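In: Fold the following and give me the result.
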Amino acid sequence: MTNGYLFNAYLQPLRWTEVDIYLASNPDAEITPNDVCRFIHSPENEHDINSIIGRYCEINEKDPGIPIAPADNDILLKLIWPLRYAKGSYIVGNYIGTIALCGMVSEMLAILVFEICGKEVSDEKTQKVISIDDFERYGQKTRVSVLLSNDIITTELKAHYDTIRTIRKKYLHYYSKEYSKIENDAVKAYEASVILIRNLVCEKIEHDQVIMDEKLIEYLKERGVVKP
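Out: Residues are numbered from 1 along each chain as shown. All right, here's what the predicted structure looks like:
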């Protein structure tokens, strides 16, 4: 028989105790907002309302905002709501969730920008015409390079795509990386994502009119979202 060992541990770390135990034995038991907050936070993060508001204020300081978003189902499901979830992840201390969602949003956005660009796009090296299927199979670094080389995005927008990709790679692909700057990096990824989406869906509101990318307007017309 081997000697036993002592170690610190969390028992049932994935279990929502109030639901799994208390409701199972007592369907009339009350689940409070505090119970919900405690479950969606990791034990290391404070889950009181002041801490939640504090983290919201942290990320909101760097949020350029998206004044309005077209009610297109794909745009909402693949861009707007995931970015809202990214912000929500930050306020509950789920910084890795913020980064992962921003990475997903930037990839979906690059594909949408390619789809609506309205012109034939070629590979800079081979001069081969790139289809939407080809583009979707590319890695994000290649996608962004294609958009830039075909004058679909500016160098400024490319920098925002690169910021998100670099941060995402650091935290989602390397177990050895430290998380000492993860809060700051999560904010940077979120801010860059908002800037990219805002540039497409709502550059600004001027004289009570939404200034939107013309190519997106044509795309939304085809989908019946924008009408004369």
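
In: Thr126 belongs to a strand?
Out: No. Judged by DSSP: H, G, I helix; E, B strand; the rest coil, Thr126 forms no part of a strand; its state is coil.

In: ok, it - how many residues close by?
Out: Close neighbours of Thr126, defined as other Cβ atoms under 10 Å, add up to 8. Heads up, the C-betas are built off the backbone N, CA and C, glycines and all.

In: Also Asp72?
Out: 19.

In: Just the C-alpha atoms of stretch 212-223, please, in CSV.
Out: The C-alpha coordinates for stretch 212-223 follow below in CSV (Å, rounded to 0.1, in the frame of the first residue of the first chain):
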residue,chain,number,x,y,z
MET,A,212,-23.1,52.5,-43.2
ASP,A,213,-20.7,50.8,-45.5
GLU,A,214,-22.2,50.9,-49.0
LYS,A,215,-21.3,47.3,-49.7
LEU,A,216,-23.1,46.2,-46.6
ILE,A,217,-26.2,48.1,-47.6
GLU,A,218,-26.3,46.2,-50.9
TYR,A,219,-25.9,42.9,-49.0
LEU,A,220,-28.7,43.8,-46.7
LYS,A,221,-30.9,44.8,-49.6
GLU,A,222,-30.5,41.4,-51.1
ARG,A,223,-31.5,39.8,-47.8
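
In: Just the mean pLDDT for it, thanks.
Out: For stretch 212-223, mean pLDDT rounds to 87.

In: Contacts for it next, please.
Out: Stretch 212-223 is contacted from outside by 70, 72, 115-118, 199-203, 226-227, using Cβ atoms under 8 Å, 6 or more residues apart in numbering.

In: rerun that using 6 Å as the cut-off
Out: 70, 72, 116, 118, 200, 226 (Cβ atoms under 6 Å, 6 or more residues apart in numbering).

In: which residue ranges form the helices in this protein?
Out: With DSSP state H as the criterion, the chain has helices at 17, 24-25, 33-40, 49-60, 73-75, 81-91, 95-116, 132-137, 140-149, 155-172, 182-201, 214-222.

In: I'd like the ones you listed laid out as JSON lines, including mean neighbour count and distance to Asn8.
Out: Below are the helices of the chain laid out as JSON lines (neighbours: other Cβ atoms under 10 Å; distance: least, Cβ to Cβ, whole Å):
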{"stretch": "helix 17", "mean neighbour count": "12", "distance to Asn8": "19"}
{"stretch": "helix 24-25", "mean neighbour count": "8", "distance to Asn8": "28"}
{"stretch": "helix 33-40", "mean neighbour count": "14", "distance to Asn8": "20"}
{"stretch": "helix 49-60", "mean neighbour count": "14", "distance to Asn8": "24"}
{"stretch": "helix 73-75", "mean neighbour count": "14", "distance to Asn8": "46"}
{"stretch": "helix 81-91", "mean neighbour count": "19", "distance to Asn8": "26"}
{"stretch": "helix 95-116", "mean neighbour count": "22", "distance to Asn8": "22"}
{"stretch": "helix 132-137", "mean neighbour count": "12", "distance to Asn8": "45"}
{"stretch": "helix 140-149", "mean neighbour count": "18", "distance to Asn8": "39"}
{"stretch": "helix 155-172", "mean neighbour count": "18", "distance to Asn8": "25"}
{"stretch": "helix 182-201", "mean neighbour count": "21", "distance to Asn8": "22"}
{"stretch": "helix 214-222", "mean neighbour count": "15", "distance to Asn8": "52"}
